[in-house]
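Chemist: Kindly return the folded structure for what I paste below:
(one chain, ligands or ions: 1)
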Amino acid sequence: MSRHVVITGASSGIGAACARLFQQRGDRLSLGARREDRLQGVAGEAFRQALDVTKPPSVARFVTAAVAANGPIDILINNAGLARGIEKIAEGTGEAWREMIETNVLGLLEVTRLVLPHMVQNKRGHVVVIGSIAGHKAYVGGGVYCASKRALQPICEAMRMETLGTGIRVTSVDPGLVETEFSLVRFRGDQERATKVYHDTRPLTGDDIAECVLFAVDRPAHVNIDTIVVMPTDQASPQMVHRGGR
Ligand SMILES: NC(=O)c1ccc[n+]([C@@H]2O[C@H](COP(=O)([O-])OP(=O)(O)OC[C@H]3O[C@@H](n4cnc5c(N)ncnc54)[C@H](OP(=O)(O)O)[C@@H]3O)[C@@H](O)[C@H]2O)c1
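Modeler: Residues are numbered from 1 along each chain as shown. Next comes the predicted model:
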């Protein structure tokens, strides 16, 4: 049966890969991100609208329009997120910290707050959160990004408690190194620096993560996958990556 899948941050990387995979499955898509032009190139038939998760009026407009276009929301993939810089705490800037917390934590909360009541009313729904291994293990220069991803764990736990008995499921998919525009954004457009992150190793792809999301949402209604932690075979922790082949 066709499901209504809402994906935030669908203009590139993991979000775009989820859109492609769910579309192949015949689901109805609502895609949001700030770069509307980039959204146009993702998946064929879909509802698309500019969305800035850090702006509550933009979130409200997006959720209302998505429900009007595609009906009740079955699956919300909270994917929009970013890291800004790799400065140590003593050298960081409030601007970068705010951007990460406002996008990764408050933005996710804002979208979820508007979608969840519909799901509770319909007694069905699946909230998927794209976390990170950064939420499980900190690393030098990643303090605030890691904190923003760690924060998603109690948010997911509380949501499971608060929706208990309603049939709603909550899953966190927490990837390691995935080759997307993530590093380009982190290093503010410095392509050379971004490329180095994936040099001489085999990272995951957005498609690998989309497969994990699909696995979780395709389980029978009585099965809730709590957390999927997924890393490349050549990664053992955020900053331990094997390079150079075997
Ligand atoms: N790549 C990795 O190694 C990795 C590992 C673990 C977790 N993650 C997580 O995976 C998620 C997706 O990242 P990605 O790797 O696919 O990177 P990406 O290619 O840079 O994609 C990030 C997406 O988030 C959107 N976004 C950013 N700020 C937004 C905002 N304020 N409002 C709406 N959309 C916003 C971007 O769209 P616009 O710029 O068009 O708004 C883009 O579509 C993030 O939550 C990230 O933290 C990534």
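
Chemist: Which residues of the protein lie near the ligand?
Modeler: 8-15, 33-35, 38, 51-54, 79-82, 103, 107, 130, 132, 175, 177-178, 180-182, 185, 206 (C-beta under 6 Å from any ligand atom). From N, CA and C alone the C-beta is placed, and that goes for glycine too.

Chemist: ranges for the helices of this structure?
Modeler: Shown for the chain, the helices assigned by DSSP state H span residues 13-24, 36-40, 56-70, 94-101, 108-122, 143-150, 152-162, 182-186, 191-197, 206-217.

Chemist: Including mean neighbour count, could those helices go into a markdown table?
Modeler: Below are those laid out as a markdown table (neighbours: other C-beta atoms under 10 Å):
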| stretch | mean neighbour count |
| --- | --- |
| helix 13-24 | 23 |
| helix 36-40 | 15 |
| helix 56-70 | 17 |
| helix 94-101 | 16 |
| helix 108-122 | 18 |
| helix 143-150 | 22 |
| helix 152-162 | 15 |
| helix 182-186 | 19 |
| helix 191-197 | 13 |
| helix 206-217 | 20 |
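
Chemist: Now tabulate those helices in CSV and tack on mean pLDDT and distance to Ser2.
Modeler: Output for the helices of the chain, formatted as CSV (pLDDT from 0 to 100; distance: least, C-beta to C-beta, whole Å):
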stretch, mean pLDDT, distance to Ser2
helix 13-24, 98, 10
helix 36-40, 95, 20
helix 56-70, 98, 9
helix 94-101, 98, 35
helix 108-122, 96, 15
helix 143-150, 98, 32
helix 152-162, 98, 25
helix 182-186, 98, 30
helix 191-197, 97, 37
helix 206-217, 98, 13
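
Chemist: which one of the ones you listed lies closest to Gly245?
Modeler: helix 191-197 (16.8 Å; C-beta to C-beta).

Chemist: elements contacting that closest one?
Modeler: Applying 3 or more C-beta pairs under 8 Å, 6 or more residues apart in numbering; DSSP states H and E, one finds that helix 191-197 contacts helix 182-186.

Chemist: And the contacts of the helix it packs on?
Modeler: Defining contact as C-beta atoms under 8 Å, 6 or more residues apart in numbering, one finds that helix 182-186 is touched by 13, 82-86, 190-191, 193-195, 197-198.

Chemist: Try it again at 6 Å.
Modeler: For helix 182-186, the surrounding residues in contact (C-beta atoms under 6 Å, 6 or more residues apart in numbering) are 82-83, 194, 197.
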